[in-house]
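Participant: this one's structure only:
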């Protein structure tokens, strides 16, 4: 059963802002898959052992790990935004989660401020910016480790 990220309590499946173990693992594996696709597609340039001005090309395999981290971060940000700004309620008469306040629905989480598409956009944007900012230091670390 999923857990609401902001209140650490179990909630029905489909609740905005809830995280499950299987969903989190899928996010991590999905990110790692994207990183692996990039890594193997860029392997065409693997024969070039030197970069511009004869500089050493840093190892590229960390992109797989960065992709996995991005998958987890994106899932986490999406859940936090969803739990705070995307309404979820329980309509007992129909036994379903509803995305908008309605008569007879019990509020579970979130304000009715953002739609699912808006939450997805914001989490993807925030994750992209964070990874773009963090990637140079991430690669520098592994480049230095490979030298020693």
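Facilitator: That came in fine, so what should we check first? From a predicted model like this one, the values you see are computed outputs, not experimental measurements. Numbers count the residues shown, from 1 in each chain.
Participant: rest of the way, CA atoms for contacts and neighbours
Facilitator: OK.
Participant: Where does pLDDT dip in the protein?
Facilitator: 44-58, 146-148 (pLDDT under 70).
Participant: pull the longest helix from it.
Facilitator: helix 116-147 (DSSP state H).
Participant: And the helices in this protein, which stretches?
Facilitator: With DSSP H as the criterion, the chain has helices at 21-41, 62-85, 116-147.
Participant: Now do the buried residues in the shortest one.
Facilitator: Read that as helix 21-41. 24, 26-36, 38-39 (16 or more other CA atoms under 10 Å).
Participant: Any idea how far that helix is from the middle of the chain?
Facilitator: 10 Å (CA atoms, centre = their mean, to the nearest Å).
Participant: Give me the contact list for that helix.
Facilitator: Helix 21-41 is contacted from outside by 2, 60-61, 63-72, 74-75, using CA atoms under 8 Å, 6 or more residues apart in numbering.
Participant: Buried ones only from the residues you listed, please, as a PyMOL command.
Facilitator: In PyMOL, this line selects whichever of the contacts of helix 21-41 come out buried by 16+ other CA under 10 Å:
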select buried, resi 2+60+63+64+65+66+67+68+69+70+71+72+74+75
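Participant: For residue 99, find the nearest of the helices of the chain.
Facilitator: Minimum separation from residue 99 across these (CA to CA) falls at helix 116-147, 8.9 Å.
Participant: Helix 62-85 and that closest one, what's the angle between them?
Facilitator: 150 degrees (axes from the mean of the first three to the mean of the last three CA atoms, to 10 degrees).
Participant: so who does the nearest residue to residue 116 once chain neighbours are set aside touch?
Facilitator: Ranked by CA to CA, 6 or more residues apart in numbering and with sequence neighbours excluded, the top spatial neighbour of residue 116 is residue 86, at 7.1 Å. Going by CA under 8 Å, 6+ apart, residue 86 touches 16-17, 99, 109-116, 119.
Participant: Any chance of TSV for these, columns distance to residue 128 and neighbour count?
Facilitator: Shown next, in TSV, are the contacts of residue 86 (distance: CA to CA, whole Å; neighbours: other CA atoms under 10 Å):
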residue	distance to residue 128	neighbour count
16	21	30
17	20	28
99	26	19
109	26	23
110	24	22
111	25	16
112	25	14
113	23	13
114	20	16
115	20	15
116	18	16
119	14	21
